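A.B. asks: need coordinates for the following:
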Amino acid sequence: GSITITVNTAPVITTPTVFVVCDDSLDNDGFNCFDLTQKDSEVSTDPNVVITYHETLTNAQTGSNPLTGLYCNINPGSQDIFVRASFTGSTACYSVT
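C.D. replies: Alright, predicted model coming up:
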């Protein structure tokens, strides 16, 4: 008998540039909402790569709790967001930035 072994590689991705906006309120409270998908093309231009955004590194590593729609930061003034990228149909091989 024989077996076939397929080794998948993780996608090559780029850390996107910082998302900078002016505070949208009159009270300068440090909160605003962002369309994170605007950064997709900076992360990867490969049409076979699925990109998701996460509030924690653990969530990005496990693929849990992806941020969808407009994301409003929860830390005033600055917010770290983690990016996970995997190939369509192969979520076990992923890259995180």
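A.B. asks: for the residue nearest the centre of the chain, give its distance to residue 22.
C.D. replies: The centroid of the chain falls nearest to residue 83 when counting by Cα atoms, centre = their mean (2.4 Å). From residue 83 over to residue 22 the distance is 23 Å, taken as Cβ to Cβ, to the nearest Å. C-beta coordinates here come from the backbone N, C-alpha and C atoms, glycine included.
A.B. asks: partner residues bridging residue 86?
C.D. replies: Residue 86 has the following beta-bridge partners by DSSP bridges: residue 50, residue 94.
A.B. asks: that one and residue 49 touch, don't they?
C.D. replies: Yes - if you go by Cβ atoms under 8 Å, residue 86 and residue 49 touch, sitting 7.2 Å apart.
A.B. asks: what touches both of those two?
C.D. replies: Taking Cβ atoms under 8 Å, 6 or more residues apart in numbering as the criterion, residue 86 and residue 49 both touch residue 11.
A.B. asks: element containing residue 79?
C.D. replies: When secondary structure is defined by DSSP states H and E, residue 79 falls outside every helix and strand.
A.B. asks: going forward, count from 54.
C.D. replies: I'll keep to 54 as the first residue from here, and by that count the last item is residue 132.
A.B. asks: could you give the mean pLDDT of the longest helix along the chain?
C.D. replies: The single longest helix within the chain, with elements called by DSSP state H, is helix 110-115. Along helix 110-115, the predicted local confidence has a mean pLDDT of 96.
A.B. asks: residues in contact with it?
C.D. replies: Applying Cβ under 8 Å, 6+ apart, the set of residues contacting helix 110-115 is 105, 107, 117-119, 135-137, 147, 149.
A.B. asks: ranges for the strands of the protein?
C.D. replies: Residue ranges of the strands in the chain, as given by DSSP state E, are 86-87, 102-107, 124-125, 135-140, 143-149.
A.B. asks: give me the helices and strands touching the second one, please.
C.D. replies: The one in question is strand 102-107. Helices and strands touching strand 102-107, as assessed by 3 or more Cβ pairs under 8 Å, 6 or more residues apart in numbering; DSSP states H and E, comprise helix 93-96, strand 135-140.
A.B. asks: where does the chain dip in pLDDT?
C.D. replies: Residue ranges of the chain with pLDDT under 70: 77-78.
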